[in-house]
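>>> the sequence and its predicted three-dimensional model are supplied below.
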Amino acid sequence: MTSIYDIFKRLDEKNILLSFKGMITSELLTTILSIMESKMDSYEEKPKVKRKVFNVLVECLQNLYHHIDIDNPEIEEFDKSALLMIAKNEDNYEIMTGNYMESKNVELLKSKLDIVNSMDKAELKAYYKKVLSNGERSDKGTAGLGMIDIARKSGQKLEYYFLETDKDTTFFSLTVKIAE
């Protein structure tokens, strides 16, 4: 078993400002934003940087809140939890999320992420407007704008990874970098 000190040192080495593992709730969203506001105030971040980090963080948290899509009753509540980490490096912030999803949905999400990553800033803006205007909603009641918005607001390509944990479940991780 790794000691708490080893975990602390590892988080420190990776410049992790905030780490959370558990169920994402609406109350937690407010708390995390408040913590990050305090941390960025302590770094005396420029308002533009704070706004970009907040905007991306809100989208990432909303994705976790709305899209943990394990509807399998055999999956324990524990597996419906998510991971969120925020790091501050020399020239950027990194928001890292991870959650389980049903393996049958991986290809669709991967194709959407690849489309978003293939676009430049102008193309993303036009695609966002197109998706917004088509009025379609997912079964979760969202329009599918989250990843497009994250890419637009961060100005960076989305880094993602899928790890199949069993035949029905995959762990999805997303890293978003926000340049200062």
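Ah, there it is. Being a predicted model, the structure only gives us computed values, none of them experimental. Residues are numbered from 1 along each chain as shown.
>>> centre-most residue in the chain?
In the chain, the residue lying closest to the centroid (C-alpha atoms, centre = their mean) is Cys60, at 3.4 Å.
>>> what about that residue, which SS state?
Judged by DSSP: H, G, I helix; E, B strand; the rest coil, the three-state class of Cys60 is helix.
>>> strands of the protein, residue ranges please.
Counting by DSSP state E, the chain has these strands, from start to end: 16-22, 82-88, 92-102, 159-164, 169-179.
>>> now do the contacts for the residue nearest to the centre of the chain.
Leu84, Ile95, Thr97, Ile150, Leu174, Val176 (C-beta atoms under 8 Å, 6 or more residues apart in numbering). Every residue, glycine included, has its C-beta placed from N, CA and C.
>>> related to what we said a few turns ago, among the strands of the chain, which is nearest Ala126?
Closest approach to Ala126 among the strands of the chain (C-beta to C-beta): strand 169-179, 21.0 Å.
>>> and the angle for that closest one with strand 92-102?
160 degrees (axes from the mean of the first three to the mean of the last three C-alpha atoms, to 10 degrees).
>>> could you dump the strands of the chain to a markdown table with mean neighbour count?
A markdown table is the format used below for the strands of the chain (neighbours: other C-beta atoms under 10 Å):
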| stretch | mean neighbour count |
| --- | --- |
| strand 16-22 | 15 |
| strand 82-88 | 19 |
| strand 92-102 | 20 |
| strand 159-164 | 13 |
| strand 169-179 | 18 |
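>>> can I get those strands in JSON lines with mean pLDDT and distance to Thr31?
Below are these laid out as JSON lines (pLDDT from 0 to 100; distance: least, C-beta to C-beta, whole Å):
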{"stretch": "strand 16-22", "mean pLDDT": "94", "distance to Thr31": "9"}
{"stretch": "strand 82-88", "mean pLDDT": "95", "distance to Thr31": "11"}
{"stretch": "strand 92-102", "mean pLDDT": "93", "distance to Thr31": "16"}
{"stretch": "strand 159-164", "mean pLDDT": "96", "distance to Thr31": "26"}
{"stretch": "strand 169-179", "mean pLDDT": "93", "distance to Thr31": "20"}
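>>> Ile35 touches Phe20, doesn't it?
No: look at Ile35 against Phe20 with C-beta atoms under 8 Å: they stay out of range, at 9.4 Å.
>>> ok, and the closest non-adjacent residue to Ser19?
Nearest non-adjacent residue to Ser19, counting by C-beta to C-beta, 6 or more residues apart in numbering: Met85, 4.7 Å away.
>>> mind showing which ranges of this structure have poor pLDDT?
Applying pLDDT under 70 to the chain flags residues 1-2, 67-80, 135-144.
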